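In: Need a 3D model of the following:
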Amino acid sequence: MLPEQFSIRDKIISPSTVLAPMAGVTDTVFRRMIRGLGGCGLIMTEFTSAECITRNSARTSRYLFFEPDEHPITGQLFGANPEVMANAAGMVQQLGFDIVDINLGCPAKKVIKCGGSGLLRDLKALEQVLRAVRSAVTIPLTIKIRAGWDENSIVAVEVARMAEQIGIEGIAVHPRTRSQAYTGRADWSIIRAVKQAVRMPVIGNGDINTPEDAMRMLRETGCDAVMIGRAASNNPWIFRQIAQYAQTGSFDEPSELDRYRLLSTYFRNLVETEWPDAIGKMKQFVCYFTHGVRNGSELRKNVHTSRTSAEILDKVDSFFADTVTAGGTP
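Out: Have a look, this model is predicted:
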């Protein structure tokens, strides 16, 4: 069963599903699209550099922009300097976020040099960061971790216990190591071990591609909620499908018309918000959103050869006018 809700201190998250932070994906336009489709209890920003926030980087400020209808929302930070992380967390609180989260899971080389999963190699340094941030904010504080640095240093349970003692109030566990990156299988038994070790809410993440996967993770690990990342970029309906499956044992697949409306609305929102490099975003997301679309390769080719946002919108409209008509959908 999908828990109806879970709580991170006084923040009630309902339903018990979370959109994972994804670089280049979970900006305000994408998050609001997920909110509009329904079924997602908590959304998160892209992981954001604490160093850049404290330097007032205009680009980083965009990462932390959100609209009022995005609540509840978590602002996620990465960094390794306790003072800088504390200052950045304080700024996140001032911006009105409901929760601040520390990224201890990103495997990218440029991130591990200054945080992310790199901190899992030095638990004393990690403790200093957690204590500094905890003392700097009054809103709930959570962390997102990997299993460990590699197969010889699985530290998820140790980190979870330490974090809870410091006052961290929730933990998301992606049970791959940094060395695995996104390859191999996620070892869900690590999520179960963390859940058995702490009292704070545990959110399971990794290898959830279908509603059935989400239910199986809940059943096998006892976690309080599930977090969806890459699957949500390819199938933004997955949160709604999980809710349907939990209630009825089945779920609806999006129609060609649903896919058209989603893609068209998302692209138009990028244009209306004057999003930097909207054309690049369109070309990126047409690859994500056209999985399962008949002749989707043709649409992807048409979009990638377009030079303006208006041309892309025209290509999308004309493509779906043909495919929807051919499929008999009004």
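
In: okay, CA-based contacts and neighbour counts for the rest of this
Out: OK.

In: low pLDDT regions in this structure?
Out: 57-60, 323-330 (pLDDT under 70).

In: mind listing the strands in it by residue range?
Out: 6-8, 11-13, 17-19, 43-44, 48-49, 73-78, 99-104, 141-148, 171-177, 202-205, 225-228 (DSSP state E).

In: Would you format those strands as CSV with distance to residue 114 and mean neighbour count included?
Out: Shown next, in CSV, are those (distance: least, Cα to Cα, whole Å; neighbours: other Cα atoms under 10 Å):
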stretch, distance to residue 114, mean neighbour count
strand 6-8, 27, 19
strand 11-13, 30, 16
strand 17-19, 24, 27
strand 43-44, 21, 26
strand 48-49, 9, 22
strand 73-78, 8, 26
strand 99-104, 11, 26
strand 141-148, 15, 26
strand 171-177, 17, 27
strand 202-205, 23, 28
strand 225-228, 24, 26
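
In: of the ones you listed, which approaches residue 215 most closely?
Out: Comparison of the strands of the chain against residue 215 by Cα to Cα identifies strand 225-228 as nearest, at 8.9 Å.

In: can you pull the contacts of the residue lying closest to residue 148 once chain neighbours are set aside?
Out: Of all residues not flanking residue 148 in the chain, residue 154 sits nearest, at 4.4 Å (Cα to Cα, 6 or more residues apart in numbering). By Cα atoms under 8 Å, 6 or more residues apart in numbering, the contact list for residue 154 reads 147-148, 177.

In: re the thing from before, how about TSV for the strands of the chain, with distance to residue 215 added?
Out: Formatted as TSV, the strands of the chain follow (distance: least, Cα to Cα, whole Å):
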stretch	distance to residue 215
strand 6-8	16
strand 11-13	18
strand 17-19	11
strand 43-44	20
strand 48-49	30
strand 73-78	24
strand 99-104	25
strand 141-148	21
strand 171-177	16
strand 202-205	11
strand 225-228	9
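
In: Out of the contacts of residue 154, the closest to residue 16 would be?
Out: Within these, proximity to residue 16 (Cα to Cα) peaks at residue 147, which comes in at 21.8 Å.

In: Okay, the closest one and residue 46: tell me how far apart.
Out: Counting by Cα to Cα, to the nearest Å, the gap from residue 147 to residue 46 is 21 Å.

In: And for residue 300?
Out: 25 Å.

In: what's the answer for residue 133, then?
Out: Residue 133 is 19 Å from residue 46, by Cα to Cα.

In: Same question for residue 4.
Out: On the measure of Cα to Cα, residue 4 and residue 46 end up 26 Å apart.

In: Next: residue 109.
Out: Residue 109 sits 17 Å away from residue 46, going by Cα to Cα.

In: These two - which one has more neighbours?
Out: residue 46 (22 against 11; other Cα atoms under 10 Å).

In: list the contacts for that one?
Out: Going by Cα under 8 Å, 6+ apart, residue 46 touches 21-27, 63, 75-76.

In: again, only this time at 10 Å
Out: Residues near residue 46 by Cα atoms under 10 Å, 6 or more residues apart in numbering: 20-28, 60, 63-64, 74-77.

In: Residue 115 now?
Out: Residue 115 makes contact with 49-50, 77-81, 102-107, 126, 129, according to Cα under 10 Å, 6+ apart.

In: Report the buried residues of stretch 37-45.
Out: Using 16 or more other Cα atoms under 10 Å as the test for burial, stretch 37-45 gives 38-45.

In: Could you tell me how far it lies from the centre of the chain?
Out: Averaging C-alpha positions (Cα atoms, centre = their mean, to the nearest Å) puts stretch 37-45 9 Å from its chain's average.

In: Next one: the nearest residue in space to residue 139 that is not next to it in sequence from residue 179, what distance?
Out: Nearest residue to residue 139, sequence neighbours excluded (Cα to Cα, 6+ apart): residue 99, at 5.9 Å. Distance, residue 99 to residue 179, by Cα to Cα: 29 Å.

In: Same check on residue 272?
Out: Distance of residue 272 to residue 179, computed by Cα to Cα: 40 Å.

In: Which one of these two is surrounded by more residues?
Out: residue 179 (13 against 10).

In: just so I have it, where are all the helices in the stretch 51-200 of the chain?
Out: Ranges of helices within the stretch 51-200 of the chain are 58-63, 82-94, 109-112, 123-136, 156-166, 188-197, based on DSSP state H, counting those that start in this stretch.

In: who wins for proximity to residue 313 among these?
Out: That would be helix 58-63 among the helices of the stretch 51-200 of the chain, by Cα to Cα, at 24.3 Å.

In: What is the burial count for the residue nearest to residue 107 when sequence neighbours are not counted?
Out: Excluding its sequence neighbours, the residue lying closest to residue 107 (Cα to Cα, 6+ apart) is residue 178, at 5.2 Å. Other residues near residue 178 number 25, with proximity taken as other Cα under 10 Å.

In: Just put the contacts of residue 154 in a markdown table and tack on distance to residue 169.
Out: Below are the contacts of residue 154 laid out as a markdown table (distance: Cα to Cα, whole Å):
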| residue | distance to residue 169 |
| --- | --- |
| 147 | 18 |
| 148 | 20 |
| 177 | 23 |
